[in-house]
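*Asks:* just coords:
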């Protein structure tokens, strides 16, 4: 018995020596870091955009500050105060941590422009890998603090009735509980994904599906979903959930959601008549439905115009892309709730004869 344990201990000692030798060899082969921090990056407090340019914009040109970060100075500081505790890191004897304000500013600038991490690196003087992790942490902080507050999906029947009344009052189309639409968000092809994210338009994407209220100046997106784009039409992703098929639809009057031809027909969904040999009443119905459904197209347009990263191909992993899109929607609702009049000039308008026109160029669009 003693000999047995002696043999076991000898083998364990041999295994331990092999592991230690392997770790020593691996440590020798590991590439040594050439710089603890590049000198020009460490001068960010003097020449970086956050400490230099943004300070000038706050003092001299508030309008340019809004264009730079897509929100005004007061809103930026309010948003910073709400997420600051989640972004603050402890100071160590090795280096000072990146300030929460810089983290938030870099993330907002990325959402506003969609610039690559390497491009942002030369503007804010932070390493690209630091920016990559920073964007994820800031987006998570914003979602944790604000998502439940600004994504106000009605629950009670009375809340849904108020939505239907606004559609009736503004667009003369009863009884509608929301306009449903989708937008492809381009992403780089994930490795080993095959055709999972490949859509019918010829690029890889995830699909943002949104349910929008009738009033531009209220709550923006009531409900959003993110799904794959592997099917021929993104509308086929909706029946896989019960998000829309809820019992508030079962009133005495058949309430429904309006959508376009991209979505599969459902008992709770109203779509256009096919565009062939339509009677006059059917043409009028199609016009009214398209007129009411226009709000979701405008909502996606305002969202993408404000956060232009949604107009570019996101060079990130799929999970990170979904996180970025959710953050854009939450910030969109937050800004619409705080400053509802900011986007008035980007909305469709009608004259006294119900003809559409662009409020910027005042060009009439005739509708028969």
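*Replies:* The structure has been received and is ready for your questions. Note that this is a predicted model, so its numbers are computed, not measured. Residues are numbered from 1 along each chain as shown.

*Asks:* hang on, residue 210 in a helix?
*Replies:* No - Residue 210 is assigned strand when assessed by DSSP: H, G, I helix; E, B strand; the rest coil, not a helix.

*Asks:* what sits against it?
*Replies:* 180-183, 221-225, 296, 299-300, 329 (CB atoms under 8 Å, 6 or more residues apart in numbering). Using the backbone N, CA and C atoms, a C-beta is placed for each residue, glycine as well.

*Asks:* and those residues, which two are furthest apart?
*Replies:* Taking every pair in these and measuring CB to CB, the maximum separation is 15.6 Å, between 183 and 222.

*Asks:* hang on, residue 71 packs against residue 307?
*Replies:* No - with contact defined as CB atoms under 8 Å, residue 71 does not count as touching residue 307 (10.9 Å).

*Asks:* and for these two, which residues touch both?
*Replies:* Residues touching both residue 71 and residue 307 (CB under 8 Å, 6+ apart) are residue 331.

*Asks:* helix/strand/coil for residue 190?
*Replies:* Per three-state DSSP, residue 190 ends up coil.

*Asks:* do the same with residue 267
*Replies:* Following three-state DSSP, the label given to residue 267 is coil.

*Asks:* any idea how many residues pack against it?
*Replies:* By the criterion of other CB atoms under 10 Å, residue 267 has 8 neighbours.

*Asks:* low-scoring stretches of the stretch 251-368 of the chain, by residue?
*Replies:* 251-253, 340-368 (pLDDT under 70).

*Asks:* which stretches of it form helices?
*Replies:* 280-306, 318-338 (DSSP state H, counting those that start in this stretch).

*Asks:* of these, which approaches residue 95 most closely?
*Replies:* The minimum distance between residue 95 and those falls on helix 318-338, with 25.6 Å, by CB to CB.

*Asks:* which one of the helices of the stretch 251-368 of the chain is the most hemmed in?
*Replies:* Highest mean neighbour count among the helices of the stretch 251-368 of the chain (mean count of other CB atoms under 10 Å): helix 318-338, with a mean of 21.

*Asks:* tabulate the contacts of residue 210 (TSV), appending distance to residue 140.
*Replies:* Putting the contacts of residue 210 into TSV (distance: CB to CB, whole Å) gives the following:
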residue	distance to residue 140
180	28
181	27
182	25
183	23
221	19
222	23
223	21
224	17
225	19
296	27
299	24
300	24
329	15
